[in-house]
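**Q** sequence unavailable; structure follows:
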């Protein structure tokens, strides 16, 4: 067996390398510095056929093999890792699942323009509570007539918001773990589908990454990919192939860093000779070349297995783990060879170093890669029987009162202010709106949803009447620059541990919630009833802030100048009222076992919150083994309802 690529492979490599050197390399520094997506480059890649390499010609692709695809990603990444992952995420994640699991109608409608590079694809799996553990997916899809209604949020989505077509995972049957996840094809222009600002990342900055927000998004029933409940299987199969792409990206980054360091070491002289000939440096370069060859063979082997429809999950995980670890090692050594010069912006090895890190994280962390390889070597661990129920993670800000007001904004404002006064808030006192966040008793926080800068006047007026300091979410300070950076609240910003937090137009991203979760009282004002912040709030008003805030400002205004607030006295968080059971409870008369939806049945993988009618048909009583049909509903007296 001759381990060598074909002449056709190398001709493709030559073509892509020439394109990367001529078109991408001259602008790579600017793309990185400006956090800029290369629209024109991506369009040209599509015209060259690079966005549809492994797909059949009948669907607009190039009809080439998976090794050819790996070579394309490798060569693009050799110059710019961000451009490489644009191609990789589009091909492996956004397009391949439609090719592999789509109906003929779905392929004609979506696969053809994606494979031709006329449209860009992306993949939506990751969430705040569903990273390495994809079974924690919380985005929901409810079938209503001819449409599924999607609600939720995805984070860290490569190619968003530039992509036109998204393959999105959502829960269609709650409470049965991964078996309740389904896959959907979602178009960018569907009503209620929106995006966060493009992340400001450490590396791969020419690649666009953002959040996906679903607010009652109507997805046609025919856009279900595969069958209901197959989403997790589709996601895992997609990620297996995606790991070949990320391994190729890491390989390309490492190759670029190696070539740059080698050229510099041959040119730079110390002690009367090029530093490449100093034995320690010769060994560094020799190790780099060795690592690259080993990683390349692993990647091409996994690609060949996939091409020939052999099992390749473990091999793809091995290749991704090895290639990404080596990319970090090679780029680190490349900077060392450059010395101080390698630490300066504009030197490509500095950019390669930053780009390499993400390859150890996305498409499954390298820790998860070891789990995958381990499952294919020692086998999966046996299922453990759990005594009692598995604790389900609650809202980031803890269990709150959750009193959300909808409908007439005047009535909602009156209820909110009455509730706050009952909780002990005195609105005749005030503080300097520029009080440091850590010292403030109360804050009014502007979120991205407030829109134009002129709307900050609402925030300023509300802060005065509420006796609060002014703050914001991270995008408002960092991207919009409405307030100084040192005033935004979040895990990466300031922490608010005072009494009253009022968020206006704040969606409730995890990193923001972690910065204000210790507030005594959380108030949310947002026109999106599905915004995550409402799940973390004591009180909330669903409505247009331009209509709500003038009413709230007037309701808090007592017609007098605010008195200086006394030293802060921490208000104790009030507990939510106990509620009657929301779901019916069913009992097995033979054994007396009650199925309680709030507890579920951890012994059979049924999560808390699963209604009885959503239990799989295979479920039986954990006590007697009786089937669902043998259970009867418990009737409660009216006073318990």
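**A** Cool, got the structure. Treat the numbers as computed from the prediction; the structure is a model and nothing was measured. Residues are numbered from 1 along each chain as shown.
**Q** would you say residue 43 is within a strand?
**A** No - counting by DSSP: H, G, I helix; E, B strand; the rest coil, residue 43 is not part of a strand but helix.
**Q** mind listing what the residue nearest to it when sequence neighbours are not counted touches?
**A** Excluding the flanking residues, the one nearest residue 43 by C-beta to C-beta, 6 or more residues apart in numbering is residue 117, at 7.6 Å. All C-beta spots, glycine's among them, are computed from the backbone N, C-alpha and C. By C-beta atoms under 8 Å, 6 or more residues apart in numbering, the contact set of residue 117 is 42, 43, 45, 46, 47, 48, 49, 50, 51, 52.
**Q** phi, psi for the residue most central in space within the chain please.
**A** Nearest to the mean C-alpha position of the chain, counting by C-alpha atoms, centre = their mean, stands residue 155 at 2.0 Å. Main-chain torsions, residue 155, degrees, to the nearest 10: phi -120, psi 160.
**Q** with adjacent residues omitted, what lies nearest to residue 398?
**A** residue 517 (6.6 Å).
**Q** so where is the chain shaky, pLDDT-wise?
**A** 1, 380-394, 574-583, 589-592, 634-641 (pLDDT under 70).
**Q** could you pull up the residues touching the residue nearest to residue 398?
**A** Listed by C-beta under 8 Å, 6+ apart, the contact partners of residue 517 are 396, 397, 398, 536.
**Q** where does it sit relative to residue 568, distance-wise?
**A** Applying C-beta to C-beta, to the nearest Å, the value for residue 517 to residue 568 is 18 Å.
**Q** residue 4 looks like it's in a helix, true?
**A** No - per three-state DSSP, residue 4 lies outside any helix segment and is coil.
**Q** measure it to residue 613 for me?
**A** 59 Å.
**Q** try residue 347
**A** Counting by C-beta to C-beta, the separation of residue 347 from residue 613 is 62 Å.
**Q** so where do the helices sit in the stretch 1-150 of the chain?
**A** 7-19, 28-34, 39-47, 66-77, 81-88, 96-101, 104-106, 112-115 (DSSP state H, counting those that start in this stretch).
**Q** buried among the contacts of residue 117? Make that a ChimeraX selection.
**A** Buried residues among these (16 or more other C-beta atoms under 10 Å), as a ChimeraX selection:
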select :42,45,46,49,50,51,52
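**Q** any chance you could map the helices in the stretch 401-550 of the chain?
**A** Along the stretch 401-550 of the chain, counting by DSSP H, counting those that start in this stretch, helices occupy 409-422, 456-466, 474-478, 510-516, 545-556.
**Q** beyond the last one, next helix or strand please.
**A** Using DSSP states H and E, the helix or strand that directly follows helix 545-556 along the chain is strand 563-564.
**Q** related to what we said a few turns ago, format the contacts of residue 517 as TSV; extra columns: distance to residue 308 and neighbour count.
**A** Shown next, in TSV, are the contacts of residue 517 (distance: C-beta to C-beta, whole Å; neighbours: other C-beta atoms under 10 Å):
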residue	distance to residue 308	neighbour count
396	46	21
397	51	21
398	52	11
536	50	26
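**Q** got a list of what the residue nearest to residue 547 when sequence neighbours are not counted touches?
**A** Distance criterion C-beta to C-beta, 6+ apart; nearest residue to residue 547, sequence neighbours excluded, is residue 409 at 5.3 Å. Each residue near residue 409 by C-beta under 8 Å, 6+ apart is listed here: 541, 543, 547, 548, 551.
**Q** how does it look with 7 Å?
**A** By C-beta atoms under 7 Å, 6 or more residues apart in numbering, the contact list for residue 409 reads 543, 547, 548, 551.
**Q** now list the buried members of those residues.
**A** Buried, going by 16+ other C-beta under 10 Å: 543, 548, 551, out of the contacts of residue 409.
**Q** which SSE is residue 227 in?
**A** Using DSSP H and E, residue 227 falls outside every helix and strand.
**Q** for residue 196, see how far away it is.
**A** Taking C-beta to C-beta, one finds residue 227 at 31 Å from residue 196.
**Q** residue 238 now?
**A** To residue 196, residue 238 is 23 Å away according to C-beta to C-beta.
**Q** look at those two and report which has more neighbours.
**A** Between residue 238 and residue 196, residue 238 has the larger neighbour count (other C-beta atoms under 10 Å), namely 24 against 21.
**Q** for that one, what are its contacts?
**A** So residue 238 contacts 93, 96, 97, 123 (C-beta under 7 Å, 6+ apart).
**Q** confirm that it sits in a helix.
**A** Yes - counting by three-state DSSP, residue 238 is found in a helix.
**Q** distance check, it against residue 140.
**A** The value you get for residue 238 to residue 140, if C-beta to C-beta is used, is 21 Å.
**Q** surely the residue nearest to the centre of the chain and residue 129 touch.
**A** No - contact status for residue 155 versus residue 129: not in contact, 10.2 Å apart, counting by C-beta atoms under 7 Å.
**Q** how near is residue 310 to residue 240?
**A** 12 Å.
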